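**Student:** Any chance you could fold what I've pasted below:
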Amino acid sequence: MTSFLCYDRIMKNNHIEHPEDSILNGNLSVLDWFVNDGYISTKIDGSPAIIWGTNPKNNKFFVGTKSVFNKKLIKINHDHRDIDKNHQGKVADILHKCLDNLHPTTRIYKGDFIGFGGEFTFIPNTIEYDFPEEINQEIIIAPHTYYIADKDLRDAVAYPLEYELESDDNVFYWNPRVTISSDRDSITEKCNFARQIATLCDFVDDKKATRIKRQLNTCIRERIDIDDISLEALAHDNNCDVNVLRLWKLVQSIKHDMFEYIERLDDVECYIDDEECDHEGYVIVNEFGTFKIINREYFSCANFNRAR
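**Tutor:** Below is the predicted model of the structure:
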C-alpha cells in the first residue's frame with residue numbers, strides 16, 4: 001500500500017466520485033481501482049466539515065469550514081471575532097466550541113463534526129449514531145484528511161489521514177476502523193468482463209457525462225428503477241451510445257459486490273428513522289484513484305428526503 005496518496009479530486013471539486021460515474025467518459029482506471037489494495041476508511045455522515053490547523057500565510061492557528069479554501073470569499077477564523085463576522089447560527093456555535101477545544105497543530109486537518117459531548121446518541125446529519133457509552137469530551141470529530149500548503153490555503157493539497165488522532169480531555173476523535181479482504185476474485189472477473197464491454201462503447205465527453213450523472217442521480221433519489229428501458233430512454237435523451245449506460249450499470253453492480261469484502265470493526269450502532277443501517281459508506285484510496293462505496297439507492301434517497 002502506498003502512503004501519501006494525493007486526493008486530487010477532493011481539492012479540485014471538493015467531491016469524491018462514485019465509481020460508476022467515472023466510467024461515462026471512458027476513464028477505465030476505476031476497474032484497476034477495484035482490484036488493487038489501498039487505504040480504506042469509513043465515510044461518516046457528519047456535518048459540518050471542520051478544517052483546523054496552522055495558516056501557512058501567517059503561522060496562526062485557525063478553525064473553519066470548507067470555506068477556508070474559497071478562492072474569493074475566504075472565511076478563515078483565527079479568533080472568536082472572526083467567527084462572529086464570518087458565520088452565524090449553528091455553524092458559528094460549533095466553530096466557537098472548536099476554537100476553544102481543538103489544540104494548535106502544525107498540520108492542517110479536516111474532519112466531520114459529530115456533536116457536543118455529554119451524550120450517547122448523535123444525529124449530525126441523516127444517520128443517528130449510538131455509542132456504547134457516553135462521550136464526555138466537549139466535542140466529537142471524525143478526522144479523515146490532512147492538507148499540505150506551502151504559502152496559501154487555496155493551494156493546499158489533500159491526503160488521506162492514515163493514522164489516528166489521539167483523543168484528549170476536550171476532543172473525542174472518532175476513527176471507526178474497517179478492513180477489506182484482498183481476495184476479491186469475483187470482482188476481478190467482473191472487471192475483466194467490463195473491459196470487454198468497454199471495447200463496444202462510444203464514450204461521451206465530460207460535458208455530456210455531467211448531464212447524464214445529474215439525470216441518473218435524480219432517478220436514484222426518486223427511487224426510479226434504472227432498468228434497460230430507462231437506460232435506453234436516457235441514451236435517446238442524450239444522443240449517446242446505450243452501451244455506455246449499460247457499462248455504468250455493470251460498474252455499479254461491481255461496487256455493490258465490494259460490500260461483501262468489507263468488514264466493520266467498530267461498535268457504534270447506526271440508524272435512520274429508527275431503522276438500523278450500516279455506515280453511510282467507505283472510501284478507498286490507491287494508486288488508481290479515490291472513490292466512495294455507498295449504497296446510493298438507500299442513502300441518497302434518505303438524504304434527499306431529509307433535505308426536502
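**Student:** I'd like the domain boundaries of this protein, if you could list them.
**Tutor:** Domain assignment for the chain by automatic domain parsing gives 8-43+180-307, 49-175.
**Student:** Make CSV out of those domains and add mean neighbour count and mean pLDDT.
**Tutor:** To be clear about C-beta, it is placed using only N, CA and C from the backbone, and glycine gets the same treatment. Converted to CSV, the domains of the chain look like this (neighbours: other Cβ atoms under 10 Å; pLDDT from 0 to 100):
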stretch, mean neighbour count, mean pLDDT
domain 8-43+180-307, 16, 92
domain 49-175, 17, 96
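**Student:** mind checking which helix or strand Thr290 is in?
**Tutor:** Here Thr290 sits within strand 289-294, counting by DSSP states H and E.
**Student:** from the middle of its chain, how far away would that strand be?
**Tutor:** Relative to its parent chain, strand 289-294 has a centroid offset of 8 Å by Cα atoms, centre = their mean, to the nearest Å.
**Student:** which strands and helices sit next to it?
**Tutor:** helix 8-13, helix 29-35, strand 281-286 (3 or more Cβ pairs under 8 Å, 6 or more residues apart in numbering; DSSP states H and E).
**Student:** That one versus strand 281-286: what angle between them?
**Tutor:** If you take axes from the mean of the first three to the mean of the last three Cα atoms, to 10 degrees, strand 289-294 sits at 160 degrees to strand 281-286.
**Student:** Would you mind pulling the contact partners of strand 289-294?
**Tutor:** Here strand 289-294 makes contact (Cβ atoms under 8 Å, 6 or more residues apart in numbering) with 5, 7-10, 16-19, 22, 29-30, 33, 43, 160, 255, 258-259, 262, 280-284, 300.
**Student:** mind running it again at 6 Å?
**Tutor:** 7, 9, 16-17, 19, 29, 33, 43, 255, 258, 281-283 (Cβ atoms under 6 Å, 6 or more residues apart in numbering).
**Student:** Likewise for stretch 118-135?
**Tutor:** Contacts of stretch 118-135 (Cβ under 6 Å, 6+ apart): 45-47, 114-115, 117, 172, 267-272, 302-303, 306.
**Student:** Out of the contacts of strand 289-294, which is nearest to Ile148?
**Tutor:** Closest to Ile148 out of the contacts of strand 289-294 is Tyr7 (11.2 Å), distances taken as Cβ to Cβ.
**Student:** re earlier: just the ones of the contacts of stretch 118-135 in strands?
**Tutor:** Judged by DSSP state E, these include Ile114, Gly115, Phe172, Glu269, Cys270, Tyr271, Ile272 as members of strands.
**Student:** Distance of the first one relative to Gly46?
**Tutor:** Between Ile114 and Gly46 the computed distance is 5 Å (Cβ to Cβ, to the nearest Å).
**Student:** overlap in contacts of those two?
**Tutor:** Residues touching both Ile114 and Gly46 (Cβ under 6 Å, 6+ apart) are Pro124, Ala142.
**Student:** what residues are up against Phe113?
**Tutor:** Here Phe113 is in contact with Gly46, Pro48, Ile50, Ile94, Ile141 (Cβ under 6 Å, 6+ apart).
**Student:** switch the cut-off to 7 Å
**Tutor:** Each residue near Phe113 by Cβ atoms under 7 Å, 6 or more residues apart in numbering is listed here: Gly46, Ser47, Pro48, Ile50, Ile94, Pro124, Ile141.
**Student:** what's across from the nearest residue to the fifth one once chain neighbours are set aside in the sheet?
**Tutor:** Leaving aside its chain neighbours, Ile94 sits nearest to Phe113 (5.7 Å; criterion: Cβ to Cβ, 6 or more residues apart in numbering). Partner residues in beta bridges with Phe113, using DSSP bridges, are Ile141.
**Student:** Kindly report the same for Lys292.
**Tutor:** Here Lys292 sits in beta bridges with Val283, going by DSSP bridges.
**Student:** From Asp79, how far off is it?
**Tutor:** Distance from Lys292 to Asp79, counting by Cβ to Cβ: 35 Å.
**Student:** Quote the end-to-end distance of stretch 24-44.
**Tutor:** One end of stretch 24-44 to the other measures 27 Å (Cα to Cα, to the nearest Å).
**Student:** swap that for stretch 133-144, please
**Tutor:** 23 Å.
**Student:** ditto for stretch 27-43
**Tutor:** First-to-last distance for stretch 27-43 - Cα to Cα - comes to 24 Å.
**Student:** and Ser253, helix, strand or coil?
**Tutor:** The three-state label given to Ser253 by DSSP: H, G, I helix; E, B strand; the rest coil is helix.
**Student:** Excluding residues flanking it in the chain, which one is nearest it?
**Tutor:** Counting by Cβ to Cβ, 6+ apart, the residue nearest Ser253 is Lys190, at 7.4 Å.
**Student:** how close does the one you found get to Lys255?
**Tutor:** Lys190 is 10 Å from Lys255, by Cβ to Cβ.
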